[in-house]
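Asks: just coords:
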């Protein structure tokens, strides 16, 4: 499960950002974005976070995950369709002249610290 290594990296990144800011205290909340086409399972991230966060600055932190959809843009019919999974053709007209926009993100959006 590669989500364990993703969460390990997330914890390291959060600790680095906290050290860089000079703020001391525990993390209350993390907001992350996991695009639906990123190949990362949000439930597995939650499980790995619960497993790895105790005994860190993130112990008991609330993990909030946003999962934006991707957009399929068709160059043949100009349709823009939100999609949850990868497609090979335009959902509106069936053309293969498509591009995908978004939905592949894996981002740490914000860190909320205890006052």
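Replies: Thanks, I have it. These numbers were taken from a predicted model, which means no experiment stands behind them.
Asks: shaky segments in the protein?
Replies: 1 (pLDDT under 70).
Asks: residue contacts, the residue most central in space within the chain?
Replies: Nearest to the geometric centre of the chain sits residue 34, at 2.0 Å (CA atoms, centre = their mean). Residue 34 makes contact with 40, 42, 45, 65-67, 105-106, according to CB atoms under 8 Å, 6 or more residues apart in numbering. Using the backbone N, CA and C atoms, a C-beta is placed for each residue, glycine as well.
Asks: now for the closest residue to residue 27 other than its chain neighbours, how many residues are close by?
Replies: Leaving out its chain neighbours, the residue that sits closest to residue 27 by CB to CB, 6 or more residues apart in numbering is residue 61, at 4.3 Å. Neighbours of residue 61 under the rule other CB atoms under 10 Å: 20.
Asks: ok, now residue 82?
Replies: 13.
Asks: what number of residues lie near residue 114?
Replies: Around residue 114 there are 12 residues (other CB under 10 Å).
Asks: what does residue 106 give?
Replies: By the criterion of other CB under 10 Å, residue 106 has 15 neighbours.
Asks: next, give phi and psi for the closest residue to it other than its chain neighbours.
Replies: Spatially, and ignoring its direct neighbours in sequence, residue 106 is nearest to residue 38 (5.2 Å; CB to CB, 6+ apart). Here is the backbone geometry of residue 38 (degrees, to the nearest 10): phi -80, psi -20.
Asks: what sits against residue 38?
Replies: So residue 38 contacts 103-106 (CB under 8 Å, 6+ apart).
Asks: got a markdown table for those, with secondary structure too?
Replies: As requested, the contacts of residue 38 are exported to a markdown table (DSSP: H, G, I helix; E, B strand; the rest coil):
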| residue | secondary structure |
| --- | --- |
| 103 | coil |
| 104 | coil |
| 105 | coil |
| 106 | strand |
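Asks: now, of these, which are buried?
Replies: Among the contacts of residue 38, those classed as buried by 16 or more other CB atoms under 10 Å are 103, 105.
Asks: nearest to residue 24, of the contacts of residue 38?
Replies: If you rank those by distance to residue 24 using CB to CB, residue 106 comes first, at 27.8 Å.
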